[in-house]
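>>> Next comes the sequence, and after it the predicted model I'd like to discuss.
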Amino acid sequence: MCSSNDIRDYLYVDEAQANVLIDALFLRQLCRNPDGLFWAGDTAQTISAGSSFRFDDLKAFLCCVEQQNTSINSTVASLCQPTMFQLAINYRSHGGIVNCAHSVIEIITRF
């Protein structure tokens with residue numbers, strides 16, 4: 001027997017900047033809970049040529065999807081307001097790591 005919170009109620013999407021909007025629609029369809037989607041990404045790491053990923057575009061797109069879903073299933077369309085926050089500290093690479101990497105690259109390019 002499944003509990004009321006099963007795996008399809010929550011979905012964490014990492015590297016959101018590597019997805020296009022059709023991917024977002026597909027992933028939203030997989031997750032039954034509109035408040036159960038968690039998107040993480042770094043707009044400075046967009047890998048698709050010509051891509052200009054913006055979280056604001058993703059938010060607007062998903063809000064449109066939710067409004068369409070609500071208007072289909074109900075007479076009152078609700079506005080969604082996803083919470084968005086930015087990390088202020090880079091936990092991946094501190095000065096020591098960056099300096100070490102720079103030294104290694106400098107040696108490689110010299111030889």
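Here it is on my side, so go on.
>>> Tell me the buried residues in the lowest-mean-pLDDT helix or strand in the chain?
For the chain, counting by mean pLDDT, DSSP states H and E, helix 55-73 ranks last in confidence among helices and strands (a mean of 81). Burial within helix 55-73, assessed by neighbour count using 16 or more other Cβ atoms under 10 Å, is assigned to Leu58, Lys59, Leu62, Cys63, Val65, Glu66, Thr70. For glycine as for every other residue, the C-beta is placed from the backbone atoms N, C-alpha and C.
>>> ok, now how distant is the third one from Leu30?
Counting by Cβ to Cβ, to the nearest Å, the separation of Leu62 from Leu30 is 13 Å.
>>> what do you get for the fourth one?
When distance is defined by Cβ to Cβ, Cys63 is 18 Å away from Leu30.
>>> quick one: the helices in this structure?
In the chain, the segments counted as helices under DSSP state H are 21-30, 55-73, 95-110.
>>> Turn these into JSON lines, including distance to Asp9.
Output for the helices of the chain, formatted as JSON lines (distance: least, Cβ to Cβ, whole Å):
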{"stretch": "helix 21-30", "distance to Asp9": "11"}
{"stretch": "helix 55-73", "distance to Asp9": "15"}
{"stretch": "helix 95-110", "distance to Asp9": "37"}
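>>> Where does the prediction get shaky in this structure?
For the chain, applying pLDDT under 70 flags the ranges 1-7, 46-51, 71-81, 90-91.
>>> Swap in 90 and give it another go.
Residue ranges of the chain with pLDDT under 90: 1-11, 15-21, 28-37, 39-60, 62-99, 101-102, 111.
>>> Skipping adjacent residues, who's closest to Phe61 in space?
Among residues not flanking Phe61 along the chain, Leu21 sits closest, at 5.2 Å (Cβ to Cβ, 6 or more residues apart in numbering).
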